[in-house]
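[1] all I have is the shape, not the residue letters:
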């Protein structure tokens, strides 16, 4: 296995500039596509962002442009809305919002077994039958 390349700071600065230019010119800018054009793994972008603050800012700018292009493309009818939503969920971390309200109290459920015995009018065989009655309350 070959040793990974060591990229110079100068090269990484040029890549930061290219990253923003690519984001502005591509129809749907993707990190993986940008990295493949530069012939290095897309994971390097995250490594460089962790190492250099200026590259991190460039990557954030790229992601902002990416999201804006996806949203405006969907609004103009170039992309299907479902494509845009799922793409943003996958690449931009968008999530569905749920409005859950919880007061911290548990609900109490009471279970009562009623045995009708042999005198049960609904039992045709005369065999004792049982019925479950479940009651729920909103508070304990």
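    It's in. Bear in mind that the values here come from a model prediction, so they are computed numbers and not experimental data.
[2] what strand or helix carries the closest residue to residue 38 other than its chain neighbours?
    Closest residue to residue 38 apart from its sequence neighbours, by CB to CB, 6 or more residues apart in numbering: residue 15 at 6.4 Å. To be clear about C-beta, it is placed using only N, CA and C from the backbone, and glycine gets the same treatment. For residue 15, the element it lies in under DSSP states H and E is helix 9-25.
[3] which neighbouring elements make contact with that helix?
    If contacts are counted by 3 or more CB pairs under 8 Å, 6 or more residues apart in numbering; DSSP states H and E, helix 9-25 sits against helix 31-38, helix 43-51, helix 53-75.
[4] among the ones you listed, which is nearest residue 83?
    For residue 83, the closest of the helices and strands packed on helix 9-25 is helix 53-75, at 7.6 Å, according to CB to CB.
[5] how far away from the center of its chain is the following helix or strand past that closest one?
    Scanning forward in sequence from helix 53-75 by DSSP H and E, the next helix or strand is helix 81-91. Relative to the centre of its chain, helix 81-91 is centred 9 Å away, using CA atoms, centre = their mean, to the nearest Å.
[6] now do the buried residues in helix 81-91.
    Buried residues in helix 81-91, counting neighbours by 16 or more other CB atoms under 10 Å, are found at 84-85, 87-88, 91.
[7] redo those residues as JSON lines? Include pLDDT.
    Compiled in JSON lines, the buried residues of helix 81-91 are given as follows (pLDDT from 0 to 100):
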{"residue": "84", "pLDDT": "90"}
{"residue": "85", "pLDDT": "89"}
{"residue": "87", "pLDDT": "90"}
{"residue": "88", "pLDDT": "90"}
{"residue": "91", "pLDDT": "86"}
